[in-house]
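Engineer: Here is the input, now give the coordinates:
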Amino acid sequence: MPLPEIDPEDALIDEACRDLRLPAFRERFVEVAATARREQGSYKQFLLDLLQIDVADRDVRRQQRLVRAAKFPRPKRLEDFDYTRNPNVPPETIGDLKTASWVREGRPLVLIGDSGTGKSHLLIGVGTAVAEAGLSVRYITTSALVNELAEADAARRLSSVIARYSKVDLLCLDEFGYLNLDKKGARLLFQIFTEREECKATAVATNSPFAEWDKIFADPRLCAAIADRITFRCTLIQTGTESYRFQATEAERKARAKR
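Structural biologist: Just a heads-up that it's a prediction; the model follows:
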């Protein structure tokens, strides 16, 4: 069976799109041209339709790049958060956080609550929304960040690592307070907060109330200084004490028992 003939003009357009790196334009131009011919659209409208398709495709690919660069451990979206399971979390506040204006203003976000109350879900969900809004985001646990800073300090490249973290629009710091920090660890973490203070946003998820932060740090003065930087102009969300995951597991168990 003979292969269908390739239109020489289509081949030239395809090649030009490859050279200009217009993947969506290349993929859709035949379809859009057929629609324009059928609807007797103008040349300008045809060109505008194709350009808008490629612009939208670039926006999507940029969002995807920013989400990948954030290095979230798993996908979580704010749309999937069940507010009925955790009425402590105010939907209006979460809606405001999706706008990313607070990130541009360099304001902190603090999520406090017991394990299983949705802190990490909210942290990742907010970070994902901010990345999709076009800003740079980095997720990391507190222990992993402190270890990275300690290794960089030993290798005499601490300044470059701190500079890298200081440029990120939003730093999502999870599991803050899960492990106690010695004086060196607290000092290294303090440098991150100092570099980002009032110019870049930091979101922290912790299971420790502010009153217990002195147990996290070996140095009370550093504890006070870090707490001051995290809480100044911060948005505070208290996710409570009842485990969201435990409730979900119990609901699933009861549903299975009724079958």
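Engineer: Residue 89 and residue 242, how far apart?
Structural biologist: Note on residue 89: its distance to residue 242, by CB to CB, to the nearest Å, is 12 Å. (C-beta placed from N, C-alpha, C; glycine too.)
Engineer: more neighbours, those two?
Structural biologist: For residue 89 and residue 242, the more surrounded residue by other CB atoms under 10 Å is residue 89, and the numbers stand at 23 against 15.
Engineer: Doesn't the more buried one belong to a strand?
Structural biologist: No: assessed with DSSP: H, G, I helix; E, B strand; the rest coil, residue 89 is coil; it does not lie in a strand.
Engineer: Could you tell me which residues make contact with it?
Structural biologist: Counting by CB atoms under 8 Å, 6 or more residues apart in numbering, residue 89 touches 81, 83, 118, 122, 237, 239.
Engineer: try 7 Å this time
Structural biologist: Going by CB atoms under 7 Å, 6 or more residues apart in numbering, residue 89 touches 83, 118, 122, 237, 239.
Engineer: Next: residue 25.
Structural biologist: 17, 50, 53, 54.
Engineer: can you tell me how far it sits from residue 224?
Structural biologist: 56 Å.
Engineer: With residue 161 instead?
Structural biologist: Distance from residue 161 to residue 224, counting by CB to CB: 25 Å.
Engineer: ok, now residue 234?
Structural biologist: Distance of residue 234 to residue 224, computed by CB to CB: 15 Å.
Engineer: residue ranges with poor pLDDT in this structure?
Structural biologist: Applying pLDDT under 70 to the chain flags residues 1-6, 244-255, 257-259.
Engineer: let's see it at 90
Structural biologist: Counting by pLDDT under 90, the ranges of the chain that qualify are 1-60, 84-87, 99, 115-117, 177-183, 185-186, 197-198, 208-232, 240-259.
Engineer: what's the neighbour count on the nearest residue to residue 63 once chain neighbours are set aside?
Structural biologist: For residue 63, ignoring the flanking residues on the chain, the nearest one in space by CB to CB, 6 or more residues apart in numbering is residue 132 at 4.5 Å. Using other CB under 10 Å, residue 132 has 19 other residues around it.
Engineer: what about residue 234 and residue 224, which has more around it?
Structural biologist: Ranked by neighbour count (other CB under 10 Å), residue 234 and residue 224 place residue 234 first, with 17 against 13.
Engineer: quick one, helices of the stretch 1-150 of the chain?
Structural biologist: Using DSSP state H, counting those that start in this stretch, the helices of the stretch 1-150 of the chain run over residues 8-20, 23-39, 43-70, 91-97, 101-104, 119-132, 142-154.
Engineer: Could you say which one of those comes nearest to residue 207?
Structural biologist: Nearest to residue 207 among these is helix 119-132 (7.5 Å), distances taken as CB to CB.
Engineer: can you give me the angle that closest one makes with helix 43-70?
Structural biologist: Going by axes from the mean of the first three to the mean of the last three CA atoms, to 10 degrees, helix 119-132 is angled at 140 degrees with respect to helix 43-70.
Engineer: Rebuild the contacts of residue 25 as CSV, extending it with distance to residue 211 and neighbour count.
Structural biologist: Listed next are the contacts of residue 25 as CSV, based on distance: CB to CB, whole Å; neighbours: other CB atoms under 10 Å:
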residue, distance to residue 211, neighbour count
17, 61, 18
50, 59, 21
53, 55, 18
54, 54, 20
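Engineer: among those, which two are most distant?
Structural biologist: Using CB to CB, the contacts of residue 25 span at most 11.7 Å, a distance reached by 17 and 53.
Engineer: What separation do you get for residue 143 and residue 67?
Structural biologist: Distance from residue 143 to residue 67, counting by CB to CB: 23 Å.
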